[in-house]
Structures are given as structure tokens and as C-alpha cells.
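Novice: build me a model:
(chains A and B)
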Amino acid sequence: GAVVSQHPSWVICKSGTSVKIECRSLDFQATTMFWYRQFPKQSLMLMATSNEGSKATYEQGVEKDKFLINHASLTLSTLTVTSAHPEDSSFYICSARGGSHTEAFFGQGTRLTVV
Amino acid sequence: AQKITQTQPGMFVQEKEAVTLDCTYDTSDPSYGLFWYKQPSSGEMIFLIYQGSYDQQNATEGRYSLNFQKARKSANLVISASQLGDSAMYFCAMREYSSASKIIFGSGTRLSIRP
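Specialist: Numbers count the residues shown, from 1 in each chain, chains lettered A, B, ... in the order given. From the prediction side, this is the model:
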């Protein structure tokens, strides 16, 4: 399968600071990228869908000014958690789809802890 | 609106036995795809198998097969000859091709293999 790399794999930050998470497709062009959030022992909750070169489409209830998504190239999307608070602590995982692939491939995930 | 239901929060199976993980879905889109992903404790999402709504035959990938019953809107995952390494969370997911084409996940089933 195709490879999607997500960085960092874990991050601890202070409340009020911003954190950027990168998602890269290494061997295919990702026309669409998805960002999910996963609470412990729960399913993946879709936060937003981004298509290269256009604004992200956010799911209902997700604050777009809080979770900034940029998909500037066919191989990179970023999620910035702005003014992070402890309730933003979670596992964030991206997935990418494109090329000849029907399925979406996932990054390794980022465990964010806000203290 | 699309919806995925996994009714088994947890399952225990003896090593080398076959196991079936249930998944039902709801959609009004005639064109859709069904996916199964495995999530070990490390958090990564591993793609297992895909079934398209127009595929005539059930998908198979090694020890994984998908029991697709379109009229009943079910897409159960069958794992044959289970191994200790199969212990993980398993998520059923769906993508509607006619609409936003986002991938939505079920609540997951935690599979534990007993030696």
C-alpha cells in the first residue's frame, strides 16, 4: 500500500500555544486528505476534508478557526491546533487518498497532550 | 446520511479459530465503498479489505474476507485461522461516491485472541 507519514507522533504543549501537525503522502499524490480525532477507546471522528488548493470542508461542530487546515500541495496537509487547551488533548490522525487508490491510507497518528 | 453500525464492542476468540466481525450500514447512495481497517495498540490504521457496492463477488485478501450482503446492507469481516497478532480494534468504514466522498467509521470492535 501507499505510505502516509504523520509528524510528530506525539507532542506535549502548554495551554495557549499552537501546535502544527504534518501529514505527507510519500509515494502518491494525495488529492484529498482527511483529518480525524480519536478519543480513548472510541472511533475516529472526522474533523475535516481538504482538497489540494482549496479550503477545507469542516464537519458540523468543528471550529475552523481552532483547527486550521492547509493543503497547499499534493503531498502535504497540515493541521494547526490554535490556542490549545487541555480539552484538545487527543489522538489526531490523518489519511490521504489519491492516484489509483480507492482506499485512504493513514498516517501513524499524533498524540497531543496539552498541559 | 450515511451511517455505520458495529454492534460488537468486544470479542474473544481462541487462536486458530475463525471469527466474524459484524458491520451494517445505511446509505441512499447507490454507489459506495466499504472498508475494514485494523488499529493495533500503537494507533496506526491498517487497511485490510475493500468492497465496492457494484462488485459481484465478495472481496478476499489472504485470511480476510468480506461477507457482503447488499440487500441486508451488511459487510461482515471474516478472519480465518486467527493469530495472536490479530488482537486489535477493527473498524468498518464507508464512503459514498456520489457525494462528499468522505470516509465514515463505525464504533469499532475490540478483538482479543486467546492462546
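
Novice: quick check: the gap between the closest residue to B:Lys16 other than its chain neighbours and chain A.
Specialist: Sequence neighbours aside, B:Ala81 is the residue nearest to B:Lys16 in space, at 5.6 Å (criterion: Cβ to Cβ, 6 or more residues apart in numbering or on different chains). In short, each C-beta sits where N, CA and C put it, glycine included. B:Ala81 sits 22 Å away from chain A, going by Cβ to the nearest Cβ, to the nearest Å.

Novice: what number of residues are in the vicinity of B:Ala81?
Specialist: The tally of other residues near B:Ala81 (other Cβ atoms under 10 Å in any protein chain shown) stands at 11.

Novice: now swap in A:Glu103 and tell me
Specialist: 20.

Novice: hang on, the earlier thing: so what's the residue nearest to B:Lys16 up against?
Specialist: Counting by Cβ atoms under 8 Å, 6 or more residues apart in numbering or on different chains, B:Ala81 makes contact with B:Lys16, B:Glu17, B:Ala18, B:Arg63.

Novice: got a markdown table for the residues you listed, with pLDDT, neighbour count and secondary structure too?
Specialist: Formatted as a markdown table, the contacts of B:Ala81 follow (pLDDT from 0 to 100; neighbours: other Cβ atoms under 10 Å in any protein chain shown; DSSP: H, G, I helix; E, B strand; the rest coil):
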| residue | pLDDT | neighbour count | secondary structure |
| --- | --- | --- | --- |
| B:Lys16 | 96 | 11 | coil |
| B:Glu17 | 97 | 12 | coil |
| B:Ala18 | 97 | 12 | coil |
| B:Arg63 | 97 | 14 | coil |
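
Novice: which two among those residues are spaced furthest apart?
Specialist: B:Glu17 and B:Arg63 (12.0 Å; Cβ to Cβ).

Novice: tell me which parts of chain A are close to chain B?
Specialist: Residues of chain A found near chain B (Cβ under 8 Å from any Cβ of the partner chain) are A:1, A:32, A:34, A:36, A:42-44, A:46, A:49, A:57, A:91, A:93, A:95, A:102-106, A:108-109, A:111.

Novice: what about 10 Å?
Specialist: By Cβ under 10 Å from any Cβ of the partner chain, the residues of chain A that approach chain B are A:1-2, A:4, A:6, A:9-10, A:32, A:34, A:36, A:38, A:41-46, A:48-49, A:57, A:59, A:91, A:93-95, A:97, A:101-111.

Novice: shouldn't the residue nearest to B:Lys16 be within a helix?
Specialist: No. Secondary structure of B:Ala81 (DSSP: H, G, I helix; E, B strand; the rest coil): coil, not part of a helix.

Novice: state the helix or strand in which the residue lying farthest from the centre of chain A lies.
Specialist: Distance from the centre of chain A peaks at A:Ser100, with 21.8 Å (Cα atoms, centre = their mean). Assigned by DSSP states H and E, A:Ser100 belongs to neither a helix nor a strand.
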